[in-house]
Every structure is written in structure tokens, then in C-alpha cells.
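Peer 1: sequence below, structure please.
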Amino acid sequence: MSVQGVTVRPAAVRRRPAKFGWADLIGPIASGTVVMAVFIWLWHQGLESLTTLDTGLGSLGLLTGLVASDLLLIQVVMLARIPWVERAWGHDLLARRHKWIGYASFWLMMAHILLFAGQRLNRAGGWDGDSMWELFIHESWLLAATVGTIMLIVVVVTSVKVARRKLRYESWHLLHLYAYLGVGLALPHQIYDGSDFHGTFTQMYWWTIYAVALAAIIGYRVAMPIGRSLYHRVRVVDVVRESDRVVSVHVEGHHLDRLRPQSGQFFIWRFLDGPGWSRANPYTISAAPTDDRLRVTIQNVGEGSGRVNRLKPGTRVFLEGPYGSMTAEHRSHPKVLLLAAGVGITPIRALLEDTPYAPGEAILLYRFHDGSDAIFVDEINEIATRRGVQVHYLPGPRRAVGSWLPATVYHGGTVPLSTDDAVALRQVVPDIADRDLFVCGPMPWIKSVTKAARRAGAARRQIHTEDFAW
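Peer 2: Numbers count the residues shown, from 1 in each chain. This next block holds a predicted model:
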């Protein structure tokens, strides 16, 4: 396919279930490390350690600490942005599991602290400030562990949805990086004070999983992005205003096809335009990738995205990625239904351009509040005409809380759609059960669409989503 004289690589459609791969071992391996942590505790402590209150508190404190540490390392590896893991699992799924494993690790860590505090207070026969000072401040490496724990608490608190809403993405991301420092400060305490870290086998095991986590972070989050950015020499070539709040940034680089980007994926972007360049932001590519060009479309929602308006041609760009699994390679049906809301049209527009389908096999539903929020309309119309896509624009305020439709919408221009979201979806797409669905937009809207699609007959495996939340 050719777009403005540049070769675009059509994405492939996977017609059969994916074969078993190395990424499928991630889940069993992660579960196995938790089992190993429990095994090490049983080996060193044994169930007999639970027979008295004093030894029971200390033994359970060790168990919760071991499992908390193990889950913390699993978290780190899950979001180390290992390419083959990201492609197989998808960044959204990894991020969700990272969050819940993080909460489990946090509460086990709190139990670890409280159990050991309880053991000391039990020995003292009541509250004893000197014992607490000795435990959390004075003992070998405990001060570092206490500081590390405080950092991890800050990370967890700022990860709660209510707190995230009050923070800019850049501030939240910077605070989140303190988790690595927290883990580093807690490690010496585990090595020198943890009885279950002694012995040749246990030392080799724990050093190995810590080394794997460290290598993953250094390799995939530091060395690879720097190496790729230096090799590909990505630079801004143009900045185009799409609406009052949305701009598109066109970048050019050396052999960008070697990154193997696909429509529907995103990169982590750093524009080297001055102060603030070190703060990275995730943005989805909004046009089918070519051998040497990418386009990203960004809505101004904060300081980081607002800077994009001032970018000049020639500005250097550091990239991490591509990430995300909302791509055509996960398709299993010839027909496709694309649904987008607001700036969620960006990956959908790219998928519309190069996803394989015959004329009449693709339908696009594009939801926006009013005409000023609609972007890429001319481009969508051109693609629709050229490739035979059925397009439905859905403007206007939302119909009701929890609905994916606007207040008034017609099918065929004259017939009002049903007030039931699922019935309305079947009116527009009667064969929805025979299509792959790609959905992108705000998370509440995605949930509404997914719920309606499931009720309309689509199976969960047919629905591929990407949300603009963090």
C-alpha cells in the first residue's frame, strides 16, 4: 500500500490461535517464585515455628517478608518493558496485574512490619519505645529498610485512583520511580538480617532473582531505549494542529521499520527540546508506520503534552517501544468493527489505514462531543472511500451515565436507535458476533462499549481495547 509515495506495511491477520511461546511461561515462572519463597520458609522455619506466640509472630513475619519481596520483584519484571512479553501480554494487562500484585506485596510488607513489632512488644510485655527504636532504626540496615518502606508507601498511596487524579502524569511517574530506590534500600536488610537468606542454596536463589530484575531494568528500560534512539536518530519534521487542543507530531528516523511498530501500538516519547526533556509520556501512533516515519497525535491535557505545541522541526526524540497489543496480529475474523471516542481515534485511525480487510468488511463508529472535538475526519473519509469502510459519526453529549452513545442518534439517517445500548449496537452492526472489535477511548466509555458488545453477542476474545488512563 502506498500513502503519499511512502510504502506502508499492511498488518497481518492471525487466522488461528497463537502458538505456545516463551511469554506463556511468564505466569507459571512468577507463580513458581512465590511457591519457592514459601518452600524456603518451610525449609528454614518449619510449621513447628508456629507452636508458640513468640516464634509464631517472628516466623510469620519472615514468611510475609519473603513473599512481599518476591511479589515486589515480579512487579519490577512485569513492567520492565521486555518487548516479547509486552507483545504477548499487552501493556494494559501487564499494568493491571502489576497494580494488583503491588497492592498484595504492600499489605504483606505491612504485615511483615507489624508481626515483628508485635513480637518485640510481646517480649517487652507492652509498649516499649526503646524496642521500636531498636527494631526500625538502630539494628543493622533497618534504618535503610525503614526509609525504603516509607518510599514504597508513598508510591502505593499515589497509585490510588483518587490520588492519581490530583497529580500530573509527570509528577506521578517521577514519584513512581522511587519504588526502585525503596527496593534497593530494603535489600541489605534482607541479606544481612534475614535468616532465610543464609545458606548456599537460598543465597544463590535470591541473588539470582534480584540479578534478573536488575538486568531487566537496566537492559530494557535504560540501555535499549538509549541504544535504539541513538541508532535511529529520530527527529521532529513537522507539527500540525488538528484542533484547538490536539496536535500531530511527524517524526523521521533511520530504519524505523526495524523497531517493528504496528498500528495500534504506542511509544514512550521524550522530546529533547529543553527543560523537562527527561519526563517521558506514552502516546499512540496515529498513522500506519512506514520505513522511516511515524506520526503521533497528542491532546493538550497538562504541562508535558502542552509543550508539544512549541516543538520545532529538527528536535531530537528519544523513543521507548513500541508497546501495546491492540494490533491486527491478534485478529481472528475477516470482518472488523472499530470504535473510538475522543482522542481514542488515534490508534483506530492507524488501524483503519493498514489493517487487512476487503471493501465492506470494516465498520467505524466514531464518538465525540461536538465538531470541534472531531479530528481526522477528512482522512477517515478518504480512507473510507478508498477502502470501502462504513463510517458512523456519533456527535453530541452522552445519552446517560454509563452509555456509550450520544443523546440523539439515528440509524440510516432517519430511524432512532434503541435506548438499550446493546440493541442499538446490533442495529448498526447486526453481525457483531462475526467481527473483531477494536475499542479505544476513556476507560468508562470502553467499559460501556464492552458491556454492550458482550450483550450484543461478541465474545470477550473478540474485543481488543486500549484506554487513555494511567
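
Peer 1: ok, for Gln147, nearest residue in space, not its chain neighbours?
Peer 2: Just to correct that, residue 147 is Val rather than Gln. Leu185 (5.6 Å; C-beta to C-beta, 6 or more residues apart in numbering). Every C-beta, even on glycine, is put in place using the N, C-alpha and C of the backbone.

Peer 1: could you give me the buried positions within the lengthiest helix in the chain?
Peer 2: Scanning the chain for the helix with the most residues, using DSSP state H, yields helix 91-124. Within helix 91-124, the residues that count as buried by 16 or more other C-beta atoms under 10 Å are 91-92, 94, 97-99, 101-102, 104-106, 108-113, 115-121.

Peer 1: what about the residue nearest to Val147, neighbour count?
Peer 2: For Leu185, the count of nearby residues is 20 (other C-beta atoms under 10 Å).

Peer 1: per-residue pLDDT, the spatially closest residue to Leu71 that is not a sequence neighbour?
Peer 2: Distances taken as C-beta to C-beta, 6+ apart put Ser105 closest to Leu71, at 3.7 Å, once the chain neighbours are dropped. According to the predicted model, the pLDDT of Ser105 comes to 89.

Peer 1: distance of Ser105 from Ala95?
Peer 2: Using C-beta to C-beta, to the nearest Å, Ser105 is found at 15 Å from Ala95.

Peer 1: do the same with Val234
Peer 2: Shown here: Val234 relative to Ala95, a distance of 25 Å by C-beta to C-beta.

Peer 1: for Pro334, same thing?
Peer 2: When distances are taken as C-beta to C-beta, Pro334 and Ala95 turn out to be 31 Å apart.

Peer 1: pLDDT on stretch 319-337, on average?
Peer 2: pLDDT averaged over stretch 319-337 gives 88.

Peer 1: tally of neighbours for Ile153?
Peer 2: Neighbours of Ile153 under the rule other C-beta under 10 Å: 14.

Peer 1: so which helix or strand takes in it?
Peer 2: Per DSSP states H and E, Ile153 falls inside helix 142-159.

Peer 1: ok, Ile74 next?
Peer 2: Residue-wise, Ile74 maps onto helix 53-78 under DSSP H and E.

Peer 1: may I see the buried residues of that helix?
Peer 2: Going by neighbour count (16+ other C-beta under 10 Å), the buried part of helix 53-78 is 56-78.

Peer 1: circling back to that earlier point, pretty sure the residue nearest to Leu71 sits against Val76.
Peer 2: No. Contact between Ser105 and Val76 fails when scored by C-beta atoms under 8 Å: they sit 10.4 Å apart.

Peer 1: care to break the chain down by domain?
Peer 2: Recorded structural domains for the chain (assignment: automatic domain parsing) are 24-227, 233-323, 328-467.

Peer 1: mind listing what Pro444 touches?
Peer 2: Residues touching Pro444, when contacts are defined by C-beta atoms under 8 Å, 6 or more residues apart in numbering, comprise Gly402.

Peer 1: pLDDT value on it, please?
Peer 2: According to the per-residue confidence, Pro444 scores 88 in pLDDT.

Peer 1: quick one: list the elements packing against the helix holding Ile74.
Peer 2: With contacts defined as 3 or more C-beta pairs under 8 Å, 6 or more residues apart in numbering; DSSP states H and E, the packing partners of helix 53-78 are helix 26-44, helix 91-124, helix 178-193, helix 200-216.

Peer 1: by mean pLDDT, show me the worst of these.
Peer 2: The stretch with the lowest mean pLDDT among the helices and strands packed on helix 53-78 is helix 178-193, at a mean of 74.

Peer 1: measure how it sits relative to helix 91-124, angle-wise.
Peer 2: Here helix 178-193 runs at an angle of 40 degrees relative to helix 91-124 (axes from the mean of the first three to the mean of the last three C-alpha atoms, to 10 degrees).
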